[in-house]
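**Q** Give me a model of this one.
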Amino acid sequence: MSGVRRGIGNRASFALFANDFYAQLGVSRSASESDIKSGFRKMARKWHPDVNGTPEAKDEFQKINRAYEVLSDPSMRQRYDQFGEAGVDTSAAGSGYGGAGMEVDLGDIFDSFFGGGGGGQQRGQGRQRQRGPVAGDDLRFDLEVDFQTAVFGGEEKVRIRHLEKCETCTGTGVKPGSQVRTCGTCGGTGVVMAVTRTPLGNFQTQQTCTSCRGTGQTVDEYCGTCSGQGLVQKTKQVKISIPAGVEDGNKLRVRGEGDAGPKG
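**A** Now for the predicted structure:
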């Protein structure tokens, strides 16, 4: 077999692989970047499940996206030409949609999961409340795009409403100039022990300290802008890049646009 590879050359030998990415895009192995993009568009029009109702359309469309992902990236294309599919880690792309590194989870966006004043009740349910920055919630929403954008990619603008750090108190929840002290009730732990008497004996349970709302600290006066939460709701416009070849059910992740977390 090694003699065959030497005789026909590296490039030609990969025609033996089950998935010939060049053939899937209808281009030659010497195709330019422009040829590859043009081939992808042509095949995407033909096999997109929204247009082609045949049973094999979805599978073919996935293969086309996988081929384009590899051949449109110069370094991945070079590895594919040299080693075939074994040289490119296309499995990391999940179902084969979209480009490298696209997790596709329109995470971090939309309608508020945060009720406003409910944050204090759940604080301090551990042995001691975490006082450093805490990651906020992801926000999710559905986005509809037209056929042109689904096939060739594009950009969409959406308006979201999410929690941002309060500018008045810089997220601390404390009115500027107000004193912060260690809570005298819980000693700074954010929790207090409650004793319950039963016929079987006394039982101790941990409860959130009501004096400091589980923070372990008390302040003279909370911030009036955010009512001591350190967060305020704001509306903003976000740009979302839609990769070529998306389908119904795909998810996109937009980092940094979810709710801000407490002290985050």
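**Q** which residues touch residue 67?
**A** 19, 21, 22, 24, 25, 40 (C-beta atoms under 8 Å, 6 or more residues apart in numbering). All C-beta atoms are positioned from the backbone trio N, CA, C, and that covers glycine.
**Q** Poorly predicted segments of this structure, please.
**A** 1-18, 89-139, 141, 198-200, 256-264 (pLDDT under 70).
**Q** all helices of it, in order?
**A** 2-8, 10-13, 21-25, 33-47, 57-71, 74-83, 147-152 (DSSP state H).
**Q** I would like the residues contacting the last one, please.
**A** When you say that, I think you mean helix 147-152. Contacts of helix 147-152 (C-beta under 8 Å, 6+ apart): 41, 44-45, 48, 50-51, 154, 156, 242, 244-247.
**Q** Out of those, which end up buried?
**A** 44, 48, 242, 244, 245, 246, 247 (16 or more other C-beta atoms under 10 Å).
**Q** Next one: the nearest residue to residue 70 once chain neighbours are set aside from residue 28, what distance?
**A** Nearest non-adjacent residue to residue 70, counting by C-beta to C-beta, 6 or more residues apart in numbering: residue 76, 4.7 Å away. Distance, residue 76 to residue 28, by C-beta to C-beta, to the nearest Å: 18 Å.
**Q** which of these two has more neighbours?
**A** residue 76 (18 against 11; other C-beta atoms under 10 Å).
**Q** and the gap between that one and residue 196?
**A** From residue 76 to residue 196 the distance is 63 Å (C-beta to C-beta).
**Q** Please apply the same query to residue 79.
**A** 65 Å.
**Q** Distance to residue 144 added to the contacts of helix 147-152, as JSON lines?
**A** JSON lines is the format used below for these (distance: C-beta to C-beta, whole Å):
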{"residue": "41", "distance to residue 144": "21"}
{"residue": "44", "distance to residue 144": "19"}
{"residue": "45", "distance to residue 144": "20"}
{"residue": "48", "distance to residue 144": "16"}
{"residue": "50", "distance to residue 144": "12"}
{"residue": "51", "distance to residue 144": "17"}
{"residue": "154", "distance to residue 144": "13"}
{"residue": "156", "distance to residue 144": "9"}
{"residue": "242", "distance to residue 144": "11"}
{"residue": "244", "distance to residue 144": "17"}
{"residue": "245", "distance to residue 144": "16"}
{"residue": "246", "distance to residue 144": "11"}
{"residue": "247", "distance to residue 144": "13"}
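**Q** Now do the contacts for residue 155.
**A** So residue 155 contacts 239, 240, 241, 242 (C-beta under 8 Å, 6+ apart).
**Q** give me the beta-bridge partners of it?
**A** Residue 155 forms beta bridges with residue 241, as assigned by DSSP bridges.
**Q** Next: the one 4 residues further on.
**A** Residues in a beta bridge with residue 159, per DSSP bridges, are residue 237.
**Q** so what's it up against?
**A** With C-beta under 8 Å, 6+ apart, residue 159 has these contacts: 235, 236, 237, 238.
**Q** Need these in JSON lines (columns: distance to residue 214 and neighbour count).
**A** Converted to JSON lines, the contacts of residue 159 look like this (distance: C-beta to C-beta, whole Å; neighbours: other C-beta atoms under 10 Å):
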{"residue": "235", "distance to residue 214": "30", "neighbour count": "8"}
{"residue": "236", "distance to residue 214": "30", "neighbour count": "11"}
{"residue": "237", "distance to residue 214": "35", "neighbour count": "8"}
{"residue": "238", "distance to residue 214": "32", "neighbour count": "16"}
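**Q** Which single one of these is nearest to residue 62?
**A** residue 238 (28.2 Å; C-beta to C-beta).
**Q** if I look at the closest one, how far off is residue 207?
**A** Taking C-beta to C-beta, one finds residue 238 at 40 Å from residue 207.
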